[in-house]
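Asks: sequence first, then the predicted structure, then my questions.
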Amino acid sequence: MAKPATEAKPRRESSEAKGFSKESGTGPLAQARSALARGDVRAARKLLRPLEQGGAESERAEALALEAGLGLDRAALATALAVLAVIALAAIFALFTRHG
């Protein structure tokens with residue numbers, strides 16, 4: 001049996017189809033706003049990323065606006081700097097120790 005010439009692409013469900021709505025206050029945008037109110041930038045970013053990539057147009061625009069207002073993730077920056085410092089110290093230590 002031959003396949004039809006054009007197959008329908010599977011639709012991504014919007015957050016409203018998944019049971020979330022702007023009005024309910026339980027959707028990813030509301031959760032991201034709540035996380036920002038608590039000062040949890042990481043959780044907010046984690047919630048906003050899927051909306052930026054595949055949400056409804058209005059959700060995508062609002063998610064992009066919210067993320068644009070976020071600053072640097074200071075905890076991630078501090079962790080990266082600490083790891084870099086440890087690597088640099090290990091390299092210096094390795095250069096000045098004798099083997100043998």
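Replies: Perfect, I can see it now.
Asks: ok, residues contacting the helix ranked longest in the chain?
Replies: Using DSSP state H to assign secondary structure, the helix with the most residues in the chain is helix 74-96. Residues outside helix 74-96 that contact it (C-beta atoms under 8 Å, 6 or more residues apart in numbering): R42. (Glycine included, C-beta is placed from N, CA and C.)
Asks: and it, how far out from the chain middle?
Replies: Distance, stretch centre to chain centre, for helix 74-96: 25 Å (C-alpha atoms, centre = their mean, to the nearest Å).
Asks: check the burial of T97 by counting its neighbours.
Replies: Per other C-beta atoms under 10 Å, the neighbour tally for T97 reads 7.
Asks: no wait, D40
Replies: 14.
Asks: now do the same contact list for the spatially most central residue of the chain.
Replies: The centre of the chain sits closest to K46, judged by C-alpha atoms, centre = their mean, with a distance of 3.3 Å. By C-beta under 8 Å, 6+ apart, no residues touch K46.
Asks: and for the one 5 residues further on?
Replies: If you count contacts by C-beta under 8 Å, 6+ apart, L51 has them with 15, 28-29, 59-60, 62-63.
Asks: quick check on these: which are buried?
Replies: Taking 16 or more other C-beta atoms under 10 Å as the criterion, what is buried in the contacts of L51 is 15, 28-29, 59, 62-63.
Asks: could I get those in TSV, plus columns for pLDDT, distance to A75 and secondary structure?
Replies: Converted to TSV, the buried ones among the contacts of L51 look like this (pLDDT from 0 to 100; distance: C-beta to C-beta, whole Å; DSSP: H, G, I helix; E, B strand; the rest coil):
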residue	pLDDT	distance to A75	secondary structure
S15	42	28	coil
P28	86	22	helix
L29	88	23	helix
E59	86	27	helix
E62	88	25	helix
A63	88	21	helix
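Asks: can you put the residues you listed in CSV and add distance to P50?
Replies: CSV is the format used below for those (distance: C-beta to C-beta, whole Å):
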residue, distance to P50
S15, 9
P28, 7
L29, 11
E59, 10
E62, 13
A63, 9
